[in-house]
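Colleague: Need a 3D model of the sequence below.
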Amino acid sequence: MTGSLENIKKEYRTKWDHSRTRIISDLLAMENPQQDFLVELLVVQCHHANADAAVILRAGKDNQTEVLAVHSGTRGNKTAPAWIGKTEKPFRKVLKHAETIIVQEDPASSDVGKPQWFIVVLPIEQQGNVSAAAAFRIHSENARKFLLSHARLESTPLLLRHRELQLTLKMHVETMHRLRRVLEVLDAVNRPTRFLETAMALCNELAAWLCCSRVSLGFLQGRCVQVRAMSHTDTFSREMQVVRAIEAAMEECLDQDLEVIYPAETDSIVSCRAAAGLSESHGPSAVLSLPIRREGEVAAVVTLERATDLPFDKLAEIEAIRLICDLSAPRLLDLRNNDRWFGAIMASEARRRLGSLLGYEHTWLKLCAALVFLMVVLLVTVRGEYRIKTSFTFKAQQQQVVVAPFETFIESVLAEPGDRVVAGKTILGTLQTTELRLKLAVLKAEQLGHRIQMASSMRDRKTADAQIAETHAQEAAAQIGLIETQIGQANLVAPISGWVISEDRKQRIGAPVEAGEVLFEIADINSLRAELHVPESSIAGVAVGMTGTLASVGHPGQKIRFAVDRINPIAEVIENQNVFRVRARILTHLEWMRPGMEGEARISASQQTYLWIATHRVVDWLRMKLWI
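Modeller: Numbers count the residues shown, from 1 in each chain. Reported below is the predicted structural model:
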């Protein structure tokens, strides 16, 4: 199939006739809009490829298929909707694979040897991506005829690409012509060295280039615009009606800070009443006013007038005029300011500086400066409460630990963290006493033996042996008493009333413990105190009796009052910082307060100025570094 297609292409190239060349040349030379060109292209391609109909599709927004151009062919529009709908899937494949797709319009009804309808979809590449495709409906009587039509249709993307390059080249050529003309105007404007000569050169060049009947240039003088130059007019009076109308149109442009075009489009939101008055009173004419800015502020306005059959409706032309105005503005405004006698220049500069200081300009900046000055005065004179910020931890005033009385194993744990216990009644846990009871039985046996030996020695009048046996019996009795005491201590009873705050010991049941090892911690949470960690740099401002507020991390919205009770005179290192522990008495006790909770405390130290409060740390640091 591929070989046959190549042969058909070669045959097609040999049969290229002058009529097709002429038609293609006329098609590419069309000045019509792009939509008309696409339709004509489809007509030409259908004619030369014997196609029945054609359509150009494009992938639009939201993955929707858009129809750019349709040629229904010689058979009418009756079958157009049906066959165009069948191009959707081939069109998606072409976009994905960037290859030509050929599909049979109705495969189910195809009979061998009978003519069939085919749809050929060719990819159209634009800027390196395939975003469109051309689909042709071909009525094929045999394979040779179909291949010949297919070969002729392959030039469609090339013709579209050629058209695109033509339009791009034309646009670039027009842009180059406009830029060349802009440079010529700027060259004429930059030659004079005086202000009025430069302004007249700008007006005359714009009038000559744009075929204007009058070009006027006005500058902002105070709050009004005054016409200073007019094309092909050496002298004029501001009392002239035409000059007043031009100044009104310029002030209209100045107030809106936008280009004003008359006649304006129907949906334009720019006011052009003064421009319309100028056109009706001294025309009729098309009017264009453009602001000339310096540092974002409008300093001058140029107004152009020409015949109504040449309206200012071309965006490229207006952009060129705007470019000339922007590039000419610095020179025009500098010459206007400097081309005056010395006294006027000095008076203008003084007026400008005084106006910038007292005028309405930079209102927010001046207001901010006044607020800053007022804030500095308040910081220096007004006093506020100086509070020392530090961290704290809740501690129980009454807290006791329960330790293992002897070396043994944990038999049971009856208290869990958070349980409430009663002094002398609540059993926290038990220790194993098996080994002690065995040892107790051995000691009792030994004690009995010593007593028997003592009685025997006394019967035999062996006083020394009896005394020795009595001593051993007393020693055994003492050991028995000790072991019985330890057995009695195997039940760990709460020494004080409160809550268990130690970790859960149930996972250590059966584990060995040493004598003196802490097993339980009990604290009375109804009597808590706060332990503050005051940094070394702030401890000098803390004294016993000072009050303050603290807030826990878990309840930051609730502020608790406290009073300083005691200051530890020895510093400690906590988190790589020298701190002093300060004990504080809590004045308000809340239900949720528990030992170990942490937070932030503020100690009310003294009354100081806000400036001192804000800068004393920096000042102290500088004093240490500079040794002041």
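Colleague: Can you give the distance of the longest helix along the chain from its chain's centre?
Modeller: Determined from DSSP state H, the single longest helix within the chain is helix 156-190. Offset of helix 156-190 from its chain centre (C-alpha atoms, centre = their mean, to the nearest Å): 40 Å.
Colleague: Could I get the buried residue list for the first helix or strand past that helix going along the chain?
Modeller: Counting by DSSP states H and E, the next helix or strand C-terminal to helix 156-190 is helix 195-210. Within helix 195-210, the residues that count as buried by 16 or more other C-beta atoms under 10 Å are 195, 198-207, 209-210. C-betas here are computed from N, CA, C, even on glycine.
Colleague: Output these in a markdown table; the columns should cover distance to Glu66 and pLDDT.
Modeller: Compiled in a markdown table, the buried residues of helix 195-210 are given as follows (distance: C-beta to C-beta, whole Å; pLDDT from 0 to 100):
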| residue | distance to Glu66 | pLDDT |
| --- | --- | --- |
| Phe195 | 56 | 85 |
| Thr198 | 52 | 87 |
| Ala199 | 51 | 88 |
| Met200 | 53 | 90 |
| Ala201 | 51 | 89 |
| Leu202 | 47 | 88 |
| Cys203 | 48 | 90 |
| Asn204 | 49 | 90 |
| Glu205 | 45 | 88 |
| Leu206 | 42 | 88 |
| Ala207 | 45 | 89 |
| Trp209 | 40 | 86 |
| Leu210 | 38 | 85 |
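Colleague: Tell me which residues are up against stretch 326-336.
Modeller: The contact list for stretch 326-336, computed with C-beta atoms under 8 Å, 6 or more residues apart in numbering, reads 182, 186, 189-190, 193-195, 198-199, 202, 219, 228, 292-294, 299-300.
Colleague: and the nearest residue to Leu258 once chain neighbours are set aside, which of the three is it?
Modeller: Leaving aside its chain neighbours, Leu258 sits nearest to Val270 (5.6 Å; criterion: C-beta to C-beta, 6 or more residues apart in numbering). Following DSSP: H, G, I helix; E, B strand; the rest coil, the label given to Val270 is coil.
Colleague: Strands of the stretch 451-600 of the chain, start to end?
Modeller: Secondary structure of the stretch 451-600 of the chain, counting by DSSP state E, counting those that start in this stretch: strands at 491-493, 498-500, 512-513, 518-523, 528-535, 547-552, 560-567, 572-573, 578-586, 598-609.
Colleague: Please name every helix or strand in contact with the fourth one.
Modeller: On a contact count with 3 or more C-beta pairs under 8 Å, 6 or more residues apart in numbering; DSSP states H and E, strand 518-523 meets strand 399-403, strand 427-431, strand 498-500.
Colleague: Could you give the backbone dihedrals for Glu305?
Modeller: Dihedral pair for Glu305: phi -130, psi 140, per degrees, to the nearest 10.
Colleague: Equivalent analysis for the one 4 residues further on, please.
Modeller: Torsion angles at Asp309 (phi, psi; degrees, to the nearest 10) stand at phi -80, psi 0.
Colleague: what's near enough to touch Val130?
Modeller: Residues in contact with Val130 (C-beta under 8 Å, 6+ apart) are 94-95, 98, 123-124.
Colleague: For my notes, confirm it occurs in a helix.
Modeller: No - Val130 is assigned strand when assessed by three-state DSSP, not a helix.
Colleague: Could you measure from it over to Ile480?
Modeller: 104 Å (C-beta to C-beta, to the nearest Å).
Colleague: so where's the chain uncertain?
Modeller: 1-32, 73-82, 106-115, 127-128, 143, 339-361, 628 (pLDDT under 70).
Colleague: Show me it divided up by domain.
Modeller: 2-169, 191-341, 399-522, 527-626 (automatic domain parsing).
Colleague: Of all the ones you listed, which one is nearest Leu379?
Modeller: Nearest to Leu379 among the domains of the chain is domain 527-626 (4.0 Å), distances taken as C-beta to C-beta.
Colleague: Quote the end-to-end distance of that closest one.
Modeller: End-to-end distance for domain 527-626, by C-alpha to C-alpha, to the nearest Å: 48 Å.
Colleague: what does stretch 221-234 give?
Modeller: 21 Å.
Colleague: Give me the buried positions along it.
Modeller: With burial defined by 16+ other C-beta under 10 Å, the residues of stretch 221-234 counted as buried are 225, 227-231.
Colleague: Tell me the one among those nearest to Ile56.
Modeller: Set against Ile56, the nearest of those by C-beta to C-beta is Ser231 (48.7 Å).
Colleague: my guess is the closest one meets Ala199, correct?
Modeller: No - between Ser231 and Ala199 there is no contact under C-beta atoms under 8 Å: 10.1 Å.
Colleague: Neighbours of the residue lying closest to Leu160 once chain neighbours are set aside, how many?
Modeller: If the residues on either side of it in the chain are set aside, Leu160 comes closest to Ile124, at 5.7 Å by C-beta to C-beta, 6+ apart. Residues near Ile124, counting by other C-beta atoms under 10 Å, number 21.
Colleague: Write the PyMOL selection for whichever of the contacts of stretch 326-336 are buried.
Modeller: Filtering the contacts of stretch 326-336 down to the buried ones (16+ other C-beta under 10 Å) takes a single PyMOL command:
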select buried, resi 182+186+189+195+198+199+202+219+228+292+299+300
